[in-house]
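**Q** Here you go, sequence then predicted model.
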Amino acid sequence: MNTRRWMLALPVSVLVAAGALNPAGPTAATLPAPADWSQQAPAQRPSFSTGTVLVPVVVRAIDNKTGKPVTDLQQEDFTILEDGLPQPLRHFERHAFVPDAAPAGGTRPPIRESALGITPQNGRIILLVFGRGRLQEPSKALDALQRFVRDQLLPQDQVAVFAYDRASDFTTDHEQVARFIERFKKDHYQIDMEVRLAIESSMAAIYGSKALSKSLRQKIDNMFTGAGLLGSRELGKGETNASKRTEQVVGRQMDQALRAEVQKTNEQMYADAVKNLGADFAGPAPGGSWSTMDEVQAPLFSSLGLDNFMQITARSLQDMGNCYAAIEYLRHLEGDKHLVFVTERGMNLPRLEDDMDIARAANDARVAIDTFQVGGLEAQVGGVWTDQSQQTFAFKGLRMIAEQTGGVSSISEDGMVAVNRINEVSRSEYLLAFYPPPSSLTGDYRKIAVRTRRPNVTLLYRRGYYARTEVGSYNRREFITRDRMLAAAGFRREINDLKVKLDASQQRNAAGTNEVSVRLSIDTSRVFLSLVDGRKIGSLDILAVCFDEKGQSIGQFYQRAAVDLTDEMMQKVSRSGLPYSVKFEASPATRKVRVVVYDYRADLIGSADMRIF
């Protein structure tokens with residue numbers, strides 16, 4: 001039996017029907033080289049003994065007055081700190097990226113073998129991530145990116161594109177990528193509108209299958225495969241513990257938004273009744289208040305209304321997932337890595353900490369995120385900014401992500417101004433490094449600060465790292481499963497893609513601890529089962545969520561259960577349903593249990609609710 005760290009409740013015991021459900025494991029025109037760098041002798045590199053690890057920090061220095069890179073700083077000009085404590089600088093190197101011969105066709109970027117250590121490269125690795133929305137006007141961003149790819153990238157620079165859930169392979173054939181951008185410019189807004197209608201209508205914006213139709217997916221594929229473009233792959237959605245917390249917060253806020261909408265409707269109906277019938281006949285005034293949403297989302301909801309609020313939130317979650325997936329796509333590559341996130345409006349995530357979590361994931365993968373907001377500023381109506389709250393928080397988040405990862409942020413600028421800055425800033429850098437204490441590689445996040453004694457200079461660098469040597473990775477199945485199940489858990493109605501019958505109760509066990517008992521019968525008619533050695537084999541993910549009288553989540557239990565059925569047992573459960581039962585510790589304040597069952601291979605989900613006392 002396995003539980004996940006993202007769950008709150010711990011299991012006490014699990015009772016399963018023998019041979020049915022069994023606990024299973026989770027399971028850029030080219031710039032000339034800076035004159036004072038190109039004439040220097042190669043940097044003298046110290047030798048390091050086998051097994052030595054260094055924390056590398058790439059630093060880019062910008063003159064505050066001219067906006068140009070500062071290329072003449074010396075080692076003594078820098079001070080580096082970890083968690084506020086000064087660290088001896090053990091490595092210093094100045095580096096400029098200058099044109100070099102492109103590698104042979106099909107050459108992939110080298111693989112990074114350690115989260116710590118120094119392996120300088122002679123080219124940049126750039127992933128263009130296209131977010132949701134209209135990305136050409138008014139900044140002419142896609143035209144600018146085409147010129148960036150055709151005219152500003154160095155011959156040896158590796159570049160790829162990521163749009164919707166599909167990414168191209170990295171390549172030094174920049175013309176192929178430029179042709180993709182041309183095709184994307186032509187087709188993307190229509191495709192985006194179709195995506196919006198398919199998965200962002202009403203409650204489908206938050207719950208509902210995120211799978212695109214065959215015809216829509218074909219249009220996306222054609223952008224990559226048409227006109228001799230690159231091979232591409234479906235990346236799916238990236239996710240971390242941080243993104244899971246974000247989605248839980250979003251689920252709670254959707255509930256608040258729905259309650260707010262109902263409350264506002266009731267208030268309006270009451271006001272109309274008073275106006276038409278008089279107070280004596282209008283009945284009691286509606287109770288409660290719709291102003292219980294948090295300080296970030298309440299102004300946004302009140303200015304947008306429920307439907308627009310939900311659509312913007314759903315779009316932000318999709319862009320967030322794609323940013324995490326793009327970071328993972330870059331994680332294992334060795335080199336100077338840039339994720340250029342192109343977005344119409346930015347992301348409206350529930351908390352500013354959510355933007356920080358994206359930055360930490362990028363820092364762990366040693367990826368600088370350059371944020372490029374291309375949709376301009378919102379129009380004014382009667383002298384008042386529309387969607388001002390959405391704009392303020394989204395822009396602040398974009399700036400924070402870039403600042404924390406060593407990237408640059410462009411907000412409502414001409415496209416060429418933005419890409420020229422990205423190209424110029426990324427062409428020169430300093431590579432600093434320090435030794436982490438050998439006993440301190442405990443995996444926790446450490447803050448990095450770099451200072452310079454040169455006045456009027458801004459330093460761009462990653463602001464932290466995780467103290468471990470493993471590069472790390474993510475499991476797509478785990479992420480998709482959590483996404484589906486958490487969305488279903490926060491949905492206000494039962495879901496019947498998979499039919500689930502639920503019986504639940506709570507009682508004190510022999511140790512005096514309150515526990516909840518859950519008993520399920522699952523319809524197998526739509527469960528995906530493989531035939532292996534004459535037996536039906538599969539697995540189901542099961543999530544039980546406990547709610548108090550106010551509808552607040554107060555505990556959870558999760559398990560992946562294996563399905564292993566003989567022909568005889570299959571016939572039986574086809575008639576009576578697949579049985580599953582579990583007991584787990586829960587708060588005595590539990591008043592309702594919601595159980596969610598998810599079949600990953602079928603991508604189907606079912607849920608059932610029951611009140612208990």
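**A** Thanks, I have it.

**Q** When you work out contacts or count neighbours from here on, use the C-alpha atoms and nothing else.
**A** OK.

**Q** What score does Asp307 have for pLDDT?
**A** Per-residue confidence at Asp307 stands at 59 (pLDDT).

**Q** Could you do Thr246 as well?
**A** pLDDT, read off for Thr246, is 51.

**Q** Repeat that for Ala9.
**A** Looking at Ala9, its pLDDT reads 29.

**Q** now Gly397
**A** pLDDT at Gly397 comes out at 88.

**Q** Point me to the helix or strand that includes it.
**A** Assigned by DSSP states H and E, Gly397 belongs to helix 388-405.

**Q** Not counting its own residues, what contacts that helix?
**A** With CA atoms under 8 Å, 6 or more residues apart in numbering as the test, helix 388-405 has contacts from 296, 299-300, 345-349, 352, 355-356, 358-360, 362-363, 367-371, 377-378, 407-409, 411, 460-463.

**Q** what about burial for the residues you listed, which qualify?
**A** Buried by 16 or more other CA atoms under 10 Å: 296, 299-300, 345-349, 355-356, 358-360, 362-363, 367-371, 377, 407-409, 411, 460-463, out of the contacts of helix 388-405.

**Q** Among these, which ones are in strands?
**A** Val367, Ala368, Ile369, Asp370, Thr371, Ser409, Ile411, Leu460 (DSSP state E).

**Q** Format those as TSV; extra columns: pLDDT and distance to Val527.
**A** Formatted as TSV, these follow (pLDDT from 0 to 100; distance: CA to CA, whole Å):
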residue	pLDDT	distance to Val527
Val367	95	40
Ala368	96	42
Ile369	97	41
Asp370	96	43
Thr371	95	42
Ser409	94	47
Ile411	91	47
Leu460	97	51
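
**Q** Can I get those in a markdown table including distance to Ala608?
**A** Listed next are those as a markdown table, based on distance: CA to CA, whole Å:
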| residue | distance to Ala608 |
| --- | --- |
| Val367 | 42 |
| Ala368 | 44 |
| Ile369 | 42 |
| Asp370 | 44 |
| Thr371 | 42 |
| Ser409 | 45 |
| Ile411 | 45 |
| Leu460 | 50 |
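
**Q** Give me the domain ranges for the chain.
**A** For the chain, automatic domain parsing gives the domain ranges 11-27+494-611, 121-423.

**Q** hey, least reliable of those by pLDDT?
**A** Mean pLDDT across the domains of the chain is lowest at domain 121-423; the value there is a mean of 74.

**Q** That domain: end-to-end distance?
**A** End-to-end distance for domain 121-423, by CA to CA, to the nearest Å: 17 Å.

**Q** same thing with stretch 490-506?
**A** 22 Å.

**Q** now what about that stretch, what contacts it?
**A** 206-207, 248, 251-252, 255, 488, 514-523, 526-527, 593, 595, 597-598, 604-613.

**Q** Would you show me how to pick out the buried ones of those residues in PyMOL?
**A** Applying 16+ other CA under 10 Å to the contacts of stretch 490-506, the buried members can be selected in PyMOL as follows:
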select buried, resi 206+207+248+251+252+255+488+514+515+516+517+518+519+520+521+522+523+527+593+595+597+598+604+605+606+607+608+609+611+612
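
**Q** Inside strands: which ones of the contacts of stretch 490-506?
**A** Going by DSSP E, the strands hold 514-522, 593, 595, 597-598, 604-611 from the contacts of stretch 490-506.

**Q** got the residue ranges for the helices in the stretch 101-250 of the chain?
**A** For the stretch 101-250 of the chain, the helices defined by DSSP state H, counting those that start in this stretch occupy 141-147, 174-199, 214-225, 241-277.

**Q** for the second one, packing partners?
**A** Same thing as helix 174-199. On a contact count with 3 or more CA pairs under 8 Å, 6 or more residues apart in numbering; DSSP states H and E, helix 174-199 meets helix 141-147, strand 158-163, helix 214-225.

**Q** angle of that helix against strand 158-163?
**A** On the basis of axes from the mean of the first three to the mean of the last three CA atoms, to 10 degrees, helix 174-199 is oriented at 20 degrees to strand 158-163.

**Q** how big is the angle separating helix 174-199 from helix 214-225?
**A** Angle, helix 174-199 to helix 214-225, by the same axes, to 10 degrees: 170 degrees.

**Q** What are the buried residues along helix 174-199?
**A** Buried, per 16+ other CA under 10 Å, within helix 174-199: 174, 176-181, 183-185, 188-189, 191-192, 195-196, 198-199.

**Q** Not counting its neighbours along the chain, what's nearest Glu194?
**A** Nearest residue to Glu194, sequence neighbours excluded (CA to CA, 6 or more residues apart in numbering): Leu216, at 7.5 Å.

**Q** Run through the residues that contact the one you found.
**A** Applying CA under 8 Å, 6+ apart to Leu216 gives the contacts Ile191, Glu194, Val195.

**Q** What's the separation between it and Val195?
**A** Taken as CA to CA, the span from Leu216 to Val195 is 8 Å.

**Q** Okay, helices next: where are they in the stretch 401-550 of the chain?
**A** Counting by DSSP H, counting those that start in this stretch, the helices of the stretch 401-550 of the chain are 415-425, 476-489.

**Q** want to try JSON lines for those, with distance to Asp503 as columns?
**A** Below are the helices of the stretch 401-550 of the chain laid out as JSON lines (distance: least, CA to CA, whole Å):
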{"stretch": "helix 415-425", "distance to Asp503": "58"}
{"stretch": "helix 476-489", "distance to Asp503": "17"}
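
**Q** among those helices, which is nearest Ala326?
**A** Closest approach to Ala326 among the helices of the stretch 401-550 of the chain is made by helix 476-489 (12.7 Å; CA to CA).

**Q** neighbours around Asp221, how many?
**A** Using other CA atoms under 10 Å, Asp221 has 16 neighbouring residues.

**Q** residues in contact with it?
**A** Asp221 neighbours (CA under 8 Å, 6+ apart): Arg166.

**Q** is it true that Ala160 touches Phe170?
**A** Yes - between Ala160 and Phe170 there is a contact under CA atoms under 8 Å: 4.6 Å.

**Q** so what sits against both of those two?
**A** Common neighbours of Ala160 and Phe170 (CA under 8 Å, 6+ apart) do not exist.

**Q** re earlier: please identify which pair of the ones in strands among the buried ones among the contacts of helix 388-405 lies farthest apart.
**A** Val367 and Ile411 (20.3 Å).

**Q** Surely Ala467 touches Tyr445?
**A** Yes - shown here, Ala467 and Tyr445 form a contact pair, counting by CA under 8 Å, at 6.3 Å.

**Q** Compare neighbour counts for those two and give me the winner.
**A** It is Ala467, of Ala467 and Tyr445, that has more neighbours when counted by other CA under 10 Å, with 19 against 16.
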